[in-house]
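> just coords:
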């Protein structure tokens with residue numbers, strides 16, 4: 001359950017223009033040249049941006065088999081939901097697609 005939800009969170013669509021790995025790498029290179037001449041406050045912002053971009057780059061390079069995680073989720077979600085009292089609307093609120101819940105046998109009325 002946890003791995004599927006983490007994968008959904010990591011792969012959910014973000015607002016704004018999508019960044020390609022190439023554009024992230026280009027910005028990282030630019031930051032490295034800017035840091036040397038930046039004033040202390042600007043340096044703080046650049047270091048944080050660098051950390052954020054490195055994290056984003058690692059996330060795009062990690063190969064998560066979302067289909068396998070979804071299959072495992074579908075297999076165990078209904079019994080887990082029943083045992084823990086988790087409703088359809090709760091799953092939807094945390095980002096589980098309606099189609100996946102339908103495959104799992106979790107309905108609005110269950």
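Received it, and whenever you're ready, just let me know what you need. Computed from a prediction, not measured in an experiment: that's the story for all the values here. Numbering: from 1, shown residues only.
> Check which residues of whichever helix in the chain runs longest are buried.
Longest helix of the chain, by residue count under DSSP state H: helix 40-61. Neighbour counts over helix 40-61 (16 or more other CB atoms under 10 Å) mark 46, 50, 53, 57 as buried. (C-beta placed from N, C-alpha, C; glycine too.)
> which residues touch the residue nearest to the second one when sequence neighbours are not counted?
With CB to CB, 6 or more residues apart in numbering as the criterion, residue 50 has its nearest non-adjacent residue at 5.0 Å, and that residue is residue 31. For residue 31, the contacting residues are 46, 49, 50, 53, by CB atoms under 8 Å, 6 or more residues apart in numbering.
> Now pLDDT too, for these, in CSV please.
Formatted as CSV, these follow (pLDDT from 0 to 100):
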residue, pLDDT
46, 97
49, 96
50, 97
53, 93
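> before we move on, back to that, any idea how far residue 23 is from the residue nearest to residue 50?
Distance of residue 31 to residue 23, given as CB to CB, to the nearest Å: 13 Å.
> buried sites along the lowest-mean-pLDDT helix or strand in the chain?
Ranking every helix and strand in the chain by mean pLDDT, DSSP states H and E puts helix 2-11 at the bottom, with a mean of 85. By neighbour count on 16+ other CB under 10 Å, the buried set for helix 2-11 is 4, 7, 8.
> Please tell me I have it right and the first one contacts residue 67.
I take that to be residue 4. No: with contact defined as CB atoms under 8 Å, residue 4 does not count as touching residue 67 (10.6 Å).
> related to what we said a few turns ago, how about JSON lines for the contacts of residue 31, with distance to residue 61 added?
Shown next, in JSON lines, are those (distance: CB to CB, whole Å):
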{"residue": "46", "distance to residue 61": "22"}
{"residue": "49", "distance to residue 61": "19"}
{"residue": "50", "distance to residue 61": "16"}
{"residue": "53", "distance to residue 61": "12"}
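> give me the low-pLDDT residue ranges for the protein?
Residue ranges of the chain with pLDDT under 70: 13-14, 62, 110.
> Got the domain ranges for this protein?
Using automatic domain parsing, the domain ranges for the chain come out as 13-61, 65-104.
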